[in-house]
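Undergrad: Any chance you could fold what I've pasted below:
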Amino acid sequence: MALIVPFHALRPTPASAARVAAVPYDVVNAQEAHALANGNPLSFLHVSRAEIDLPANADPYSDAVYRKATDNFTALKSNAPLVVEEQPSLYVYRLKMGNHVQTGIAGTFSIDEYDRGVIKKHELTRRDKEDDRTRHMIDLRAQTGPVLLTYRASPAVDRVVSRVTSQPPLFDFTAPDGVQHTIWRANAEAVKALVDAFGAIPLLYIADGHHRAASAARARQQLGANGAHGEWDTVLAVAFPDDQMQVLPYNRVVKDLGSHTLQSLLARLREQFTVKEGPATPVRKGEVAMYLDGKWYTVVLGEAPGNLSPADRLDVSRLQQTILTPLLGIGDIRTDKRMDFVGGARGTPELEKLVNSGKFAVAFSMYPVSVNDLMQVCDAGGIMPPKSTWFEPKLRDGLLSHVI
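TA: Numbering: from 1, shown residues only. The predicted structure is shown next:
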């Protein structure tokens, strides 16, 4: 079963919600965060990326940054203001980006279930990033950004969502990036129905926010020492049905061709694959679009062998195994400085720009991984390849926080 727990949300008032809401802390660097928050003292980036309010050379993991985050959080509670709900509740959170709409349930979820694998992971986490968010949570005594979860769609959940969204929303605004954020607070009857409906869902899957989830588990270990129980036993998240999730490709760019010339690389590729001039975006799974010397090519990888694991059958894995490593000499893509990644939201024109500038020699545009692919990898106990999924649209930090 999947346990969802109503909570006393710390949230802005409707009048200030649009100004408080901020992009997730981990999708922008300090310079980008500073630009986004500039002129808006209510932006939650002053809390989630407090280094933007310190000198430019400040260590983002220094004591001063966490003190500043705590001070900014305290100030925001008064200035926004932020209010604590009198009654614990659950929320319906709708994201609309262009023609794409997805509607999820915001609440807190059991860290026991995270530890036991009822909430499944697909990504390895870095200790330094965990250290950062764990300290951030403990110093603020709050989880200030939700984990993004998915689950196999449930008609019972959908029926409750339909009832809740027929009422006026708590928040409804369009962010500067054009994404509309609408949040409804569920009444007591809907809360009970949602708790019951989630109780029939066997598994949840982390789509995005592995470091937030891992940090919440570590914060619980510290705050719940000696067996003490409290709000730290759960983690803030929004769960969306799998049939509404949108996954964009995570594309690759490589700085040079290694030992190859343009002609020798094309010749080697044609020895192994069908290679033809084609569009910038692959039209099907098993195809990769390659931008080289001002032209787009389609590289047909073909159908994956049946004896491969679910993770190894993914196009990003096969690109790595058949082209990036043996032909271009790319080793560990987590650390190889010759390679970089471009989220699909930036589009293929960004790939062309990077190659045409001379900073990179070749770009690979990927067919997006499906949510079903992700679930199959998780169910098999595997780990998704690095930088293989880009979920869009993104949730906003600061709209619903969980006081621990």
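Undergrad: ranges for the helices of the stretch 251-400 of the chain?
TA: Applying DSSP state H, counting those that start in this stretch to the stretch 251-400 of the chain gives helices spanning 262-272, 315-319, 347-356, 371-379.
Undergrad: Make TSV from the ones you listed and add mean neighbour count, mean pLDDT and distance to residue 393 to it.
TA: No exception for glycine: its C-beta is placed from N, CA and C like everyone else's. Listed next are the helices of the stretch 251-400 of the chain as TSV, based on neighbours: other CB atoms under 10 Å; pLDDT from 0 to 100; distance: least, CB to CB, whole Å:
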stretch	mean neighbour count	mean pLDDT	distance to residue 393
helix 262-272	14	97	35
helix 315-319	21	96	22
helix 347-356	17	96	15
helix 371-379	20	96	15
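Undergrad: Tell me which of these lies nearest to residue 279.
TA: For residue 279, the closest of the helices of the stretch 251-400 of the chain is helix 347-356, at 8.9 Å, according to CB to CB.
Undergrad: Report the distance from the closest one to the chain centre.
TA: 23 Å (CA atoms, centre = their mean, to the nearest Å).
Undergrad: Mind listing residues that contact that helix?
TA: Here helix 347-356 makes contact (CB atoms under 8 Å, 6 or more residues apart in numbering) with 251, 253, 280-281, 289, 291-292, 294, 342, 360-363, 365.
Undergrad: mind saving the C-alpha coords of that helix as CSV?
TA: The C-alpha coordinates for helix 347-356 follow below in CSV (Å, rounded to 0.1, in the frame of the first residue of the first chain):
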residue,chain,number,x,y,z
GLY,A,347,15.1,22.2,-27.7
THR,A,348,17.3,21.1,-30.6
PRO,A,349,18.1,24.7,-31.6
GLU,A,350,20.2,24.8,-28.4
LEU,A,351,22.2,21.7,-29.7
GLU,A,352,22.8,23.4,-33.0
LYS,A,353,23.9,26.6,-31.3
LEU,A,354,26.4,24.7,-29.1
VAL,A,355,27.9,22.8,-32.0
ASN,A,356,27.9,25.8,-34.4
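Undergrad: what bridges to the most centrally placed residue in the chain?
TA: In the chain, the centroid-proximal residue (CA atoms, centre = their mean) is residue 208; its distance is 3.2 Å. In this entry, residue 208 is beta-bridged to residue 148, by DSSP bridges.
Undergrad: Next: residue 277.
TA: Taking DSSP bridges as the rule, residue 277 bridges to residue 297.
Undergrad: what sits against the residue nearest to residue 149 when sequence neighbours are not counted?
TA: Spatial nearest neighbour of residue 149, chain neighbours left out: residue 239 (4.0 Å); criterion: CB to CB, 6 or more residues apart in numbering. Applying CB under 8 Å, 6+ apart to residue 239 gives the contacts 2, 4, 104-105, 107, 109, 149-151, 198, 204.
Undergrad: rerun that using 7 Å as the cut-off
TA: Counting by CB atoms under 7 Å, 6 or more residues apart in numbering, residue 239 makes contact with 104-105, 149-151, 204.
Undergrad: JSON lines please, covering the residues you listed and showing secondary structure.
TA: Listed next are the contacts of residue 239 as JSON lines, based on DSSP: H, G, I helix; E, B strand; the rest coil:
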{"residue": "104", "secondary structure": "strand"}
{"residue": "105", "secondary structure": "strand"}
{"residue": "149", "secondary structure": "strand"}
{"residue": "150", "secondary structure": "strand"}
{"residue": "151", "secondary structure": "strand"}
{"residue": "204", "secondary structure": "strand"}
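Undergrad: quick one: contacts for residue 223?
TA: Residue 223 touches 138, 230, 232, 404, counting by CB under 7 Å, 6+ apart.
Undergrad: hmm, which two among those residues are most spread apart?
TA: 138 and 230 (12.5 Å).
Undergrad: Between those two, which is the more surrounded one?
TA: More neighbours surround residue 138 than the other of residue 138 and residue 230, with 17 against 10 (other CB atoms under 10 Å).
Undergrad: quick one: secondary structure of that one?
TA: Going by three-state DSSP: residue 138 is helix.
Undergrad: And the residue nearest to the centre of the chain, how far from residue 306?
TA: According to CB to CB, to the nearest Å, residue 208 and residue 306 sit 30 Å apart.
Undergrad: can you pull out the strands in the stretch 151-300 of the chain?
TA: 171-174, 180-185, 204-208, 234-241, 247-248, 250-254, 274-277, 287-292, 295-300 (DSSP state E, counting those that start in this stretch).
Undergrad: Model confidence for residue 306, exactly?
TA: What the model reports as pLDDT for residue 306 is 85.
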